[in-house]
Structures are given as C-alpha cells and as structure tokens.
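Peer 1: After the sequence you'll find the predicted model.
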Amino acid sequence: MKTAPPTSAGPQTHPQADPWAEEEFTSLGRRERVWRQLKRSRLALPGGLTVLLFIVVALLAPVLAPFDPYKNDLANALSPPSAAHLFGTDELGRDILSRVIHGAKLSLLEGLVSVVLAMLIGVPLGVISAYAGGKTDTILMRLVDILLAFPGVLLAVVIISILGPSLINAMIAVGVYTVPMFARLARGSTLAVKEEPYIEACRATGMGHFRILNRHIFPNISAHLFVLATLRVAIAILTAASLSFLGLGAQPPAPEWGAMLANGRNYILIAPHLVVFPGLAIIFLVLGLNLFQDGLRLALDPRTAER
Amino acid sequence: MLNFTLKRLLYMIPVVLGVSVAVFLMIHLIPGDPAQLVAGMEASKEDVESVRETLGLNQPLHVQYFRFISRAAGGDFGTSFRTGRGVMEEIGVRYLNTLQLGLAAILVAVILGVGTGIVSAVKKYSLFDNLALLVSLIGVSMPTFFLGLTLMLLFSVYLDLFPLAGKGSWLHLILPAVTLGTPSAAVVSRMTRSSLVEVLDQDYIRTARAKGLKETVVINSHALRNALIPVVTVTGLQLGYLLGGAVVVETVFAWPGIGRLVIQSILARDFPVIQAAVLILAVTFVLLNLLTDLLYGLLDPRIDLQ
C-alpha cells in the first residue's frame, strides 16, 4: 500500500517520463524538489493562486471595495446586480461586492487564528504524549478521545454555548474542535521518528529532552503538520462560516460570509443575489485551499500519492 | 470476536463518563452564577436562593455530578427553561427525526459515492473520472447551508418539485438528505475509487482475468468485495459526522430534529436541553463508531481484532 517505492507511484501519476525516482537521490534540495512537484501537479498552482488572490483582496480591501461595507442606502435596497453595484445590494442598500471583499479578511482570519490555536495546543500535546509514553500517553490520549466523542461541529457548538456567540468565540471554538486532529498527527509522527537511530544517538550524547524535541523531532514532523494545517484552514473556514450562519459566530452587521448568507436567506425569494455571492466566495476560497493542499501533500510525500 | 466487543465496550466507558463530566460542567463554566442563570436575570435574591436550594447547586461539585449522572441514567434531565416541559419529552421525537435524516443522507452518500467511485476506478483518467474528481472537490468545499439554500431555490422555488421546508411527506426528506449527504458522497466516492484501483492491481485480479472471466464478473465478485471493506469504515465514520452536520441542515430546512433544537436552545440559553441533547448525540456517535469497528472485523476476517 503505502510502502510502494516512489518509482511505482510516479509514472502513474504523470504518464510522461518521470525522473522522480532518480531525483530522490540527487543533490536537489528538499525545497526545490517540493516546488518542482508542486508545479507538476495540475491543480495545485491554480489552487494556490486562488488563495493568494483572496489574501491580496483581504489586505487591500479598503482600497478595492467600491463602497463602505457598512453604509446604508435605503433608496437602493435589494437592487439586483448592476453596473453601479456589481453584486447588487442587500436589504439595507449596502453594496454586496464591498461586503464580500471585506469579508475575505474575516474568513481568512477565522481559518488562520483557529488553526494556529489548534496547533499551539494540539502539537505539544501529541509530541509530549508520544515522547513520554506510558501513563502520560494514556491520559492525554483519553482526553483527546473525549474531545473526539462529540460528532463533527457539535464540539464547537458546545463551546459557543459556554462562551456565548461572537466572532472571537467562534474562532476559539473551531480551534479547540481542531485540537484532536493535530494532537493525533503529532503523536503518530513523533512515535515514528522517536525510534530512529539518530534520536537514540542524541540521547546517547546526553542531550536534554527539550533540545531533542525542539531540534530533532519537531523539524522532522513539521512537513506533515503543515499539510494538515492547510487542510484544516479550509475546514475551519467552512466551520466558522457555518457557526456564523447559525447565529453563533460573527454578529451583524459584520460582513462575514456565513452571517451574510443567514441574513440573505430571509430575502431568498425576491433577491437571491444576497445568498449567491457570499456563498460563491466561500466555495472559491475553500476550493483553492483544498486544491493547494492536495498538491502540497503529493509534493511533500510522493509515496502516499493516489494512483 | 466476543472478547474484542467486550474490550471495546469497556473502553467506551471512560470516554462516555468523560463526556458526561464535560456536559455537566458546562453550566458551571459559563461566566456568572448558575442559579441566577436558571432563575432568570430579573429574579429576586430569594428566588435565586430557592432555585439554588432545589437544584442542589449549593452542594459540592462531585455530589452535584452524581446527582446529575444518576438522574440522566434514568432519562431524567430536568425541565426545559424555555418551554417548561420535560427535557426528554422535548428531545424524544426530534432525536428520531434526526436519525431518519441521517440514515437518508447516508443512503444518498453511499449510492452516489460508491456508484461514481466504481465508474471512476474502472475508467481511470477518463473524462468521467476527471469530472467526478472536480465535482467531489466542489462537494467538500461547499458549505452545506449554501448547498441547501441553492437546492431549495432551484427545486422548491423555481421548479416547485419539493416542499420548501419542514417535515411531512417523504418528499420533505429528499432535499435535506441530499444536502447533508453530498459532502459524504464526495468522501465515499474518493475512497471507493482509490481502494478499487488498488485492488484491481492485485495478482488475483490478473489471474481472474487471465482465466477468461468477463470484466463485470471480475469487478463484481472479485474486486468489489475486497475494495468495499475500507469504504464501510469510511461510511460508518461519515454517519457519525452527519449527526453534527445535521445541526446546520436542520436549521436550513426547518427540519424538527435534535440539531435544530440544540441551536434554538443555545440562543435561548436553555441549558438542561443543551446538556441532554449533546450527551445523547455524543453517546450515539460513540456507539456508531463501535458498530463500524465491529462490522469491519466481520467483513474482513484477515483483520486481527485482538
């Protein structure tokens, strides 16, 4: 299965002659190798560019947005897309294009903040669990199992019910909901690395635990963690948008895509554009992240390539 | 097999207890005085104290927990703050409605997912395969509430084929089930494809072909039986996740399930209902995962369950 040598995975993924097998043993740096593989994946680059576009839009939102995203204009309420308002206006006459543009910042923040939070808690938890082993491992992993016993988004919903609905609390909730995934991956990867001869060598030279973890284990598992992080950012954006849609995340009048959809739902019969544009924005951003993630996964670990 | 089942059941106990502690502590983790919370913000001091007395909130935490868990074991979760009715009365039918929706959704996921997965694997790199990849990528990238609203707009408003929302005839079930099942269909489809592609590469498949069997026989009776084993696991896990996803889809389609009840209760700060609903959903999820594991062992005798 996953033990197939790279030679068998390579040619099937890319029918043309594939120099990957030799590449593994050449002096090419890891970074360059990854980059080459990424360029070869047909979908990773468009995915990455889409994400980049959203980041640029988010950063330049005040410049790019043609209108103030909060400014009411009741005379122009619920007007369909036109030359003046490309995406139309909502029930208060606010420009939807401007709101979608400003919303990019909120959605990217939701994804980043919650995943960084999840990594900050989950990765040390998993690494320590695997490195320490024994009772510590059992106790920590039972705690993770308890978090995993809440189906899907329900854990995030429970946390919101304690903290109260708000954008920040939604980020915290999605972060905690994502902790188990990082804890499990960090634990699994550490278990694999821990038994390598070079770690034993470190220990033999009398190196301290912290230094071994920090200098030798962490760098070796970081590629896996990075791939998981890109995937989880996509899922976190979807989850946070769902929470906002349910009224548990960003509150009006914030131009958050999920919250915009929840509001637009009330006017769906007369003005479907209130729902369509924020919805498409979520899909494109998340699709971009997923495509990029897929290419990155193959590039960093060609052996797990799907045939 | 019996040994494994018992072991897994025993393993479940600490997890379920942990969940019950977390659910119990919820009401104490909320900033502020729980007695005040139950009595209402405008309640007088005497009222708050009498609530504290009747609910036992003045007792030590572990005593309160044992009270909570022994009552919960008997199905008594108190009364809803919002409606004043018994919590289990509120949850009962809604729980069944959610299970109904979940099962319908998993049916959608299996039919769509396994179907497209098989065609994709057999016709690898064909136009269909590439299209299926694209559609499943969009499927996992689309928020369910957007898919739900889009389907509602298309099929209920414009084409007038299905009722808009709510629960009634079986027609009411179709759109919510498709909405909830689509992301899972994408996952099942990818899993079926990669698993079947791997199996089709095996020696015994070459042998089957070499002895002149028809391709349909090779696929149906030799390849699929083995390829579908991991698909069963994925499907089982998805069924659990659908319980969580139901929270969103039920809200979109006004489906009277337990997920929508949770959201309404959170917005109304109706904690007894939240506690009971969350506990019931989590226990259901843990049980479903156990069933999936057991089924996996039954389907594949090669797996050593010890």
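Peer 2: Arrived safely.

Peer 1: so what pLDDT did the residue in chain B positioned nearest to chain A get?
Peer 2: The nearest approach of chain B to chain A comes at B:Gly244, 2.2 Å away (Cβ to the nearest Cβ). Using the backbone N, CA and C atoms, a C-beta is placed for each residue, glycine as well. B:Gly244 is assigned 85 on the pLDDT scale.

Peer 1: Based on its surroundings, how many neighbours for it?
Peer 2: The burial count assigned to B:Gly244 is 22, neighbours taken as other Cβ atoms under 10 Å in any protein chain shown.

Peer 1: What separation is there between it and B:Met26?
Peer 2: 17 Å (Cβ to Cβ, to the nearest Å).

Peer 1: how deep is residue 126 tucked in, by neighbour count?
Peer 2: I went with chain A, as the question did not name one. Counted with other Cβ under 10 Å, A:Gly126 comes out at 29.

Peer 1: that's the wrong chain, I wanted chain B
Peer 2: 12.

Peer 1: List the residues that contact it.
Peer 2: Applying Cβ atoms under 8 Å, 6 or more residues apart in numbering or on different chains to B:Ser126 gives the contacts B:Ser120.

Peer 1: Ramachandran angles for it?
Peer 2: phi -80, psi 180 (degrees, to the nearest 10).

Peer 1: if we can go back for a sec, which one is the residue of chain B closest to chain A nearest to, not counting chain neighbours?
Peer 2: Among residues not flanking B:Gly244 along the chain, A:Gly152 sits closest, at 2.2 Å (Cβ to Cβ, 6 or more residues apart in numbering or on different chains).

Peer 1: for the one you found, helix, strand, or coil?
Peer 2: State at A:Gly152, reduced to three classes by DSSP: H, G, I helix; E, B strand; the rest coil: coil.

Peer 1: What residues does the stretch 201-307 of chain A have near chain B?
Peer 2: A:234, A:238, A:241-242, A:245-248, A:258, A:261-262, A:265, A:268-269, A:272, A:275, A:279, A:282-283, A:286-287, A:290-291, A:306-307 (Cβ under 8 Å from any Cβ of the partner chain).

Peer 1: Of all the residues in the host helix or strand of the residue of chain B closest to chain A, which ones are buried?
Peer 2: B:Gly244 belongs to helix B:224-253 when assigned by DSSP states H and E. Neighbour counts using 16 or more other Cβ atoms under 10 Å in any protein chain shown place B:224, B:226-253 of helix B:224-253 among the buried residues.

Peer 1: And stretch B:19-29, by the same measure?
Peer 2: So for stretch B:19-29, counting by 16+ other Cβ under 10 Å, buried means B:Val19, B:Ser20, B:Ala22, B:Val23, B:Phe24, B:Leu25, B:Met26, B:Ile27.

Peer 1: For the residue in chain A that chain B sits nearest to, give me phi and psi.
Peer 2: Residue of chain A nearest chain B, by Cβ to the nearest Cβ: A:Gly152 (2.2 Å). A:Gly152 adopts backbone torsions of phi 50, psi -130, taken as degrees, to the nearest 10.

Peer 1: okay, now it: neighbour count?
Peer 2: 22.

Peer 1: ok, now which ones touch it?
Peer 2: By Cβ under 8 Å, 6+ apart, A:Gly152 lies in contact with B:Gly240, B:Tyr241, B:Leu242, B:Leu243, B:Gly244, B:Gly245, B:Val247.

Peer 1: Then A:Phe218?
Peer 2: So A:Phe218 contacts A:Val127 (Cβ under 8 Å, 6+ apart).

Peer 1: For chain A, which element, helix or strand, carries the lowest mean pLDDT?
Peer 2: For chain A, scoring each helix and strand by mean pLDDT, DSSP states H and E identifies helix A:6-13 as the least confident one, at a mean of 36.

Peer 1: Can you list the low-confidence ranges for the stretch 201-306 of chain B?
Peer 2: Within the stretch 201-306 of chain B, the segments meeting pLDDT under 70 span B:302-306.
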